[in-house]
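Enquirer: Give me the fold of what follows.
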Amino acid sequence: MEQKKYVLVKDYNCQYGTLKTGDEIITFRDNVYFNGGMVMPGYRSILLNLINNDELRKEYLQRVQIIHNKV
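Expert: Presented below is the predicted three-dimensional model:
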């Protein structure tokens, strides 16, 4: 899985609550991170569905450039 970073551009309601505008999702080495913390496997599918579904991704997410070696 390629390293990618997305930012929510509007609130997204799911069965576990609301993901807020400005929240960050990062995929890296088969892991998913949400606002800097690694997501447990049970919740990972919700975020991956948001990323992999073209309609949802276009409506709720904006892909941003990752700055490598940022201190």
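Enquirer: any idea which helix or strand carries the spatially most central residue of the chain?
Expert: Geometric centre of the chain, nearest residue: I25, 2.5 Å, by Cα atoms, centre = their mean. In the assignment (DSSP states H and E), I25 maps to strand 24-28.
Enquirer: partners of that strand in the sheet?
Expert: strand 4-8 (antiparallel), strand 31-34 (antiparallel) (DSSP bridges).
Enquirer: now those as CSV including distance to R44 and mean pLDDT?
Expert: All C-beta atoms are positioned from the backbone trio N, CA, C, and that covers glycine. Formatted as CSV, these follow (distance: least, Cβ to Cβ, whole Å; pLDDT from 0 to 100):
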stretch, distance to R44, mean pLDDT
strand 4-8, 14, 96
strand 31-34, 5, 95
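Enquirer: can you redo those as JSON lines with distance to Y16 and mean neighbour count?
Expert: Below are these laid out as JSON lines (distance: least, Cβ to Cβ, whole Å; neighbours: other Cβ atoms under 10 Å):
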{"stretch": "strand 4-8", "distance to Y16": "15", "mean neighbour count": "16"}
{"stretch": "strand 31-34", "distance to Y16": "11", "mean neighbour count": "16"}
